[in-house]
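Colleague: Here is a sequence together with a model predicted from it:
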Amino acid sequence: MNEKRLEILLLSKNENESVVFEEASEIINAVFEVKDEGINNFKQTDYFFICEENGNNFLVNINKSTYKDKIILFVSLYTEHQMEATPFYDLKILLKDSLRSLADKIYWIYDEQNEKQSQELYQIINKAENSFRVLIINYMTSKYGLDWWDQIPKQVRKEDRQAGYLSSLTDFKDINLDMYFLDITDLTRLLESEYKFDVNFTVDFKTRHEFPTDKEIVRKSLRKELKQLIEDQFDYVLKDEKGFWKHELAVFFNNAQEFKEKWDRLSNDRNHIAHNKIIDMNMYEIMKRNGLYVIEELQKAISKVNQSEVSQEEINFLNFVTEETKRNDIEGQGVGILANSQIEQIFSEFIVDSILSPADDMIYFCEALKSSYTAQDIDLVAEERLIEITGFNDEAFIVSINEFIPDDDEGAESRLTLTMKNDSDSKKFVITYRNSTVELNEDGMYRLETEGELDTYDLEKDVDSEQGVDNEILFQLQQFINEQPSNRALEKLEED
């Protein structure tokens with residue numbers, strides 16, 4: 001009994017419906033060895049061809065219908081026995097290519113071979129994905145202990161997926177399913193980007209002469225200076241780079257780069273299978289080859305993991321994961337453990353709100369000053385001047401950043417030192433920020449213990465609130481301005 005193996009739909013404009021079967025007959029007879037052909041029903045809407053190709057017998061049936069100005073042809077391929085994979089593939093492609101001239105568009109409706117290939121590939125991808133889970137579970141458990149999953153940041157754990165998944169289960173609710181909340185894309189993201197730092201270095205150098213103002217000459221001068229810098233010996237600091245894949249798992253693969261490339265390819269190709277897309281023989285062979293390679297290499301890596309020892313680098317990485325977990329657990333509880341950039345922002349906002357903005361108002365209404373400057377964009381690291389004014393008698397008042405030392409460790413103190421010069425007198429003020437601290441509660445979650453705090457006491461200790469200013473810098477600036485001639489005195493001097 002013949003069984004349907006393939007069905008495709010040909011869609012074309014209805015220009016001459018009566019000759020469609022004649023054209024199809026000419027094409028099929030020219031391509032295949034036709035043993036018999038004819039009409040299946042009295043309505044003359046079905047036409048069949050009994051053919052032979054390379055020793056294989058098959059039936060081609062064409063069903064014709066019309067809709068408005070369109071001709072619709074359903075072309076089905078039947079065989080009594082399943083053909084070998086390659087001959088059948090060649091046959092269906094030949095049939096499609098032969099009938100291509102009859103259609104403006106072709107749609108793939110049913111393909112038994114494609115279904116079986118997709119099922120085979122999905123089994124391979126499923127095994128590869130679960131083998132990767134086994135590798136991560138074995139490695140993390142042997143290196144970091146049974147509670148390693150609790151140290152992973154919440155956004156990586158995909159906890160939002162747990163409720164729906166667990167509620168659907170009946171017999172497997174009592175087993176650990178943590179890693180099954182991550183799909184193949186999440187596994188790849190876990191490897192690549194969750195724990196990665198930038199690698200860079202900075203070099204401080206001074207030029208041996210002043211650069212001119214012309215931009216082209218400056219560029220040429222810089223090239224010369226940089227070329228000389230590269231040729232000379234210089235010291236540099238290389239920041240740590242930490243990627244879970246590169247520094248943790250890659251060492252267990254004979255060729256980590258090749259494995260990673262094939263894993264990435266397989267992760268992308270999984271979508272083709274999961275979404276039931278049509279795949280051709282070329283895609284099938286490549287996806288199968290990559291999948292089998294990935295499975296084999298993962299099995300080897302799992303064996304190596306079971307024989308490995310914990311290194312200091314791995315311990316450092318666990319410490320990093322712990323710090324990230326702390327930051328994520330206390331998010332929303334208050335001011336968490338701030339990074340250096342956030343600490344810098346706190347200092348910058350204080351300078352603007354408590355020093356520069358009030359100083360601007362004071363300076364604006366004093367017309368006796370010969371020159372004045374207040375910073376607009378603050379760079380704490382650059383140790384730049386914040387305020388610089390020159391009085392009527394050429395006396396100077398300058399406030400500048402002397403030193404900024406950030407420290408984003410838990411409970412650590414960051415320091416900002418400001419220098420104030422009032423003519424011949426000079427004074428330094430130290431502002432500090434103490435980072436937040438956390439503690440582990442009974443539920444295994446971190447909670448905020450002490451909240452980060454900015455300490456400006458050194459700047460405010462000698463100022464009486466009744467003086468109308470909040471800190472020593474503003475008080476000294478006010479005294480400086482008060483010593484300048486008043487606007488009325490300036491007018492009198494001009495009249496004289």
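Modeller: Nice, thanks for sending it over. Numbers count the residues shown, from 1 in each chain.

Colleague: how about the strands in the stretch 351-496 of the chain?
Modeller: 371-374, 385-390, 396-405, 413-422, 425-434, 437-440, 446-450, 453-455 (DSSP state E, counting those that start in this stretch).

Colleague: quick one: the shortest one to chain centroid distance?
Modeller: The offset between the C-alpha centroid of strand 453-455 and the centroid of the whole chain comes to 34 Å, using Cα atoms, centre = their mean, to the nearest Å.

Colleague: The third one too?
Modeller: Chain-centre distance of strand 396-405: 39 Å, with Cα atoms, centre = their mean.

Colleague: Neighbouring strands - and their directions - for it?
Modeller: With DSSP bridges as the criterion, the sheet partners recorded for strand 396-405 are strand 385-390 (antiparallel), strand 413-422 (antiparallel).

Colleague: Take those strands and lay them out in CSV including mean pLDDT.
Modeller: CSV is the format used below for the strands paired with strand 396-405 (pLDDT from 0 to 100):
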stretch, mean pLDDT
strand 385-390, 90
strand 413-422, 92
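
Colleague: which stretch among those strands comes nearest residue 477?
Modeller: Proximity to residue 477, assessed across those by Cβ to Cβ, is greatest for strand 385-390 (7.3 Å). All C-beta spots, glycine's among them, are computed from the backbone N, C-alpha and C.

Colleague: Check which residues of the closest one are buried.
Modeller: 386-389 (16 or more other Cβ atoms under 10 Å).

Colleague: Go through these and name the one nearest residue 19.
Modeller: Residue 19 lies nearest to residue 386 out of the buried residues of strand 385-390, by Cβ to Cβ, at 89.3 Å.

Colleague: Let me see the domain layout of the chain.
Modeller: Following automatic domain parsing, one finds the domains of the chain at 3-103, 118-197+241-321, 340-495.

Colleague: I'd like the ones you listed as TSV, with distance to residue 329 appended.
Modeller: Formatted as TSV, the domains of the chain follow (distance: least, Cβ to Cβ, whole Å):
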stretch	distance to residue 329
domain 3-103	54
domain 118-197+241-321	7
domain 340-495	4
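
Colleague: So which of those domains is nearest residue 109?
Modeller: The closest of the domains of the chain to residue 109 is domain 3-103. By Cβ to Cβ, the value is 4.3 Å.

Colleague: I'd like the average pLDDT over the closest one.
Modeller: Averaged across domain 3-103, the pLDDT comes to 88.

Colleague: What of stretch 291-298?
Modeller: 94.

Colleague: any residues touching that stretch, and which ones?
Modeller: 121, 124-125, 127-128, 131-132, 134-135, 253-254, 259, 262-263, 266 (Cβ atoms under 8 Å, 6 or more residues apart in numbering).

Colleague: Report the buried members of those residues.
Modeller: The neighbour-count criterion (16+ other Cβ under 10 Å) marks 121, 124-125, 127-128, 131-132, 135, 253, 259, 262-263, 266 among the contacts of stretch 291-298 as buried.

Colleague: Next, the contact list for the closest residue to residue 391 other than its chain neighbours, please.
Modeller: Leaving aside its sequence neighbours, residue 391 sits nearest to residue 484 (Cβ to Cβ, 6 or more residues apart in numbering; 5.7 Å). Taking Cβ under 8 Å, 6+ apart, we find residue 484 in contact with 366, 368-369, 391-392.

Colleague: Mind doing that once more with 10 Å?
Modeller: By Cβ atoms under 10 Å, 6 or more residues apart in numbering, the contact list for residue 484 reads 366-370, 389, 391-393, 395, 490.

Colleague: Then residue 333?
Modeller: By Cβ under 10 Å, 6+ apart, the neighbours of residue 333 are 436, 438, 446-448, 451.

Colleague: mind redoing it with 8 Å?
Modeller: Residues near residue 333 by Cβ under 8 Å, 6+ apart: 447-448.

Colleague: The one 5 residues further on now?
Modeller: Shown in contact with residue 338 (Cβ under 8 Å, 6+ apart): 346, 408, 435-436, 452.

Colleague: again, only this time at 7 Å
Modeller: Listed by Cβ atoms under 7 Å, 6 or more residues apart in numbering, the contact partners of residue 338 are 408, 435, 452.

Colleague: Then residue 98?
Modeller: 27-28, 31.

Colleague: Just the CA atoms of stretch 366-378, as CSV, please.
Modeller: As requested, the backbone C-alpha atoms of stretch 366-378 are provided in CSV (Å, rounded to 0.1, in the frame of the first residue of the first chain):
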residue,chain,number,x,y,z
CYS,A,366,29.9,90.4,43.2
GLU,A,367,31.0,92.8,40.4
ALA,A,368,34.3,93.7,42.0
LEU,A,369,36.0,90.4,41.0
LYS,A,370,38.5,90.6,38.2
SER,A,371,37.9,87.0,37.1
SER,A,372,35.9,84.0,38.3
TYR,A,373,35.6,80.3,37.3
THR,A,374,33.4,77.5,38.7
ALA,A,375,33.6,74.0,37.2
GLN,A,376,30.7,72.7,35.1
ASP,A,377,31.7,69.0,34.5
ILE,A,378,33.5,67.4,37.4
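
Colleague: Contacts for it next, please.
Modeller: 348, 351-352, 356, 359-360, 363, 384-392, 481, 484-485, 487, 490.

Colleague: Could you name the stretch from the strands of the stretch 351-496 of the chain that's closest to residue 141?
Modeller: strand 437-440 (20.4 Å).

Colleague: ends of stretch 356-371, how far apart?
Modeller: Stretch 356-371 has its terminal residues 16 Å apart, counting by Cα to Cα, to the nearest Å.

Colleague: Now do the buried residues in that stretch.
Modeller: By 16+ other Cβ under 10 Å, the buried positions in stretch 356-371 come out as 356, 358-359, 362-363, 366, 368-369.

Colleague: Taking those residues, tell me the two that lie furthest apart.
Modeller: Most distant of these, by Cβ to Cβ, are 356 and 368, 20.7 Å apart.

Colleague: Contacts only, for the residue nearest to residue 355 when sequence neighbours are not counted.
Modeller: In space, and not counting its chain neighbours, residue 355 is closest to residue 473: 5.7 Å by Cβ to Cβ, 6+ apart. The neighbourhood of residue 473, defined by Cβ under 7 Å, 6+ apart, consists of 355, 399, 420, 459.

Colleague: again, only using 10 Å
Modeller: Contacts of residue 473 by Cβ under 10 Å, 6+ apart are 351, 354-356, 358-359, 386-387, 397, 399, 418, 420, 422, 427, 429, 459-460, 463.

Colleague: could the strands of the stretch 351-496 of the chain go into TSV alongside distance to residue 66?
Modeller: Below are the strands of the stretch 351-496 of the chain laid out as TSV (distance: least, Cβ to Cβ, whole Å):
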stretch	distance to residue 66
strand 371-374	82
strand 385-390	83
strand 396-405	80
strand 413-422	79
strand 425-434	79
strand 437-440	74
strand 446-450	70
strand 453-455	80
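
Colleague: Out of these, which is closest to residue 163?
Modeller: Here strand 446-450 is closest among those (Cβ to Cβ), at 22.7 Å.

Colleague: What is that closest one packed up against?
Modeller: Contacts defined by 3 or more Cβ pairs under 10 Å, 6 or more residues apart in numbering; DSSP states H and E place strand 446-450 against helix 312-329, strand 437-440.

Colleague: Next, format those as JSON lines and append mean neighbour count.
Modeller: Shown next, in JSON lines, are the helices and strands packed on strand 446-450 (neighbours: other Cβ atoms under 10 Å):
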{"stretch": "helix 312-329", "mean neighbour count": "16"}
{"stretch": "strand 437-440", "mean neighbour count": "16"}
